[in-house]
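> below are the sequence and a predicted model; questions follow.
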Amino acid sequence: MHQKPDPRFLAITAHDLRGAVGVLDGAMKELTREVSSENADTAKLATMMTRSTQRLLMLGDRLSVLARLMEGGELEFGEPADLCALVREAATRAFAAHARRTLRLQLDLPPSPVSIAVNGQTMAAAVSELSVLFCSFSQTQLRVRVSSDATTVQISFESDNSSESVQRALRDRTSTTQANAGIALAEAVVARHHGKLQLSENDGSSASLSLVLQRS
């Protein structure tokens, strides 16, 4: 009899992956401290390996979130948390692991906390996935912005590149590209938060996608 895969196996695999890579990440950080800055080639190699371990840790996060989404049912929401802090941590981490050296991250966050009840693990994964995606789209700057009004909260990702290929990647929901995978995971997380992803029409110089959440 054909059986549907148990999402618990995916969660266990994610846990094991994160544990193994976590040990490697710790070892790489210790090694990096021992590398002389005067040895440019070795320092460059250590940096590349550190970035790679961070990417593997993020893949572990993705597997954990996929397992959570496959379980169905409602996500557990904690007490209202500061969405700005969540976005800052998730976007900065994704940017550090995936951005090119010439790319700059701009975080436009309100001076006061933006409190909203979310499932922290899945929302952080959605922010990470879209940050990684827009790292690949952007040419010189990736902008991540949090804004809110009386009824909604938005997390917007903006690339300084609105080429046809970028716009097509943002609209496409049928391909199995990396772009579509990131958007699909973010869409699934947002749907479970009763929100939506919204493609914005820009002035031709940029492309943006907003994650829109209802305050209640």
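Great, that's in hand. Remember, it's a predicted structure, so these values are computed and weren't measured experimentally. Numbering: from 1, shown residues only.
> switch to C-alpha atoms for all contacts and neighbour counts from now on
OK.
> where does residue 212 sit: helix, strand or coil?
Look at residue 212: counting by DSSP: H, G, I helix; E, B strand; the rest coil, its state is strand.
> now do residue 128
Using three-state DSSP, the structure places residue 128 in helix.
> how near is it to residue 121?
Applying Cα to Cα, to the nearest Å, the value for residue 128 to residue 121 is 11 Å.
> look at the two and report which has more neighbours.
When residue 128 and residue 121 are compared on other Cα atoms under 10 Å, the one with more neighbours turns out to be residue 128, at 25 against 15.
> now do the contacts for that one.
Taking Cα atoms under 8 Å, 6 or more residues apart in numbering, we find residue 128 in contact with 90-91, 93-94.
> before we move on, what about residue 18?
By Cα under 8 Å, 6+ apart, residue 18 lies in contact with 56-57, 60-61.
> ok, which stretches of the protein are helices?
7-34, 40-70, 83-98, 120-137, 164-171, 178-192 (DSSP state H).
> report all helices and strands that the last one contacts.
Meaning helix 178-192. helix 40-70, helix 120-137, helix 164-171, strand 196-200, strand 207-214 (3 or more Cα pairs under 8 Å, 6 or more residues apart in numbering; DSSP states H and E).
> break the protein into its domains for me.
Using automatic domain parsing, the domain parsing of the chain gives 7-70, 81-214.
> quick one: mean pLDDT over the last one.
Confidence over domain 81-214, taken as the mean pLDDT, stands at 87.
> any idea how far that domain is from the chain center?
7 Å (Cα atoms, centre = their mean, to the nearest Å).
> give me the distance between the two termini of it.
End-to-end distance of domain 81-214 (Cα to Cα): 14 Å.
> what about the closest residue to residue 136 other than its chain neighbours, distance to residue 189?
Nearest residue to residue 136 in three dimensions, chain neighbours excluded: residue 99, at 7.5 Å (Cα to Cα, 6 or more residues apart in numbering). In this view, residue 99 and residue 189 are 23 Å apart by Cα to Cα.
> look at those two and report which has more neighbours.
Between residue 99 and residue 189, counted using other Cα under 10 Å, the more crowded position is residue 189 (27 against 20).
> isn't that one right up against residue 124?
No - Residue 189 is beyond contact range of residue 124, at 9.7 Å (criterion: Cα atoms under 8 Å).
> in contact with residue 119, which residues are there?
Taking Cα under 8 Å, 6+ apart, we find residue 119 in contact with 75-78.
> if I look at it, how far off is residue 154?
Counting by Cα to Cα - residue 119 and residue 154 are separated by 16 Å.
> can you tell me the centre-most residue of this structure?
residue 128 (0.9 Å; Cα atoms, centre = their mean).
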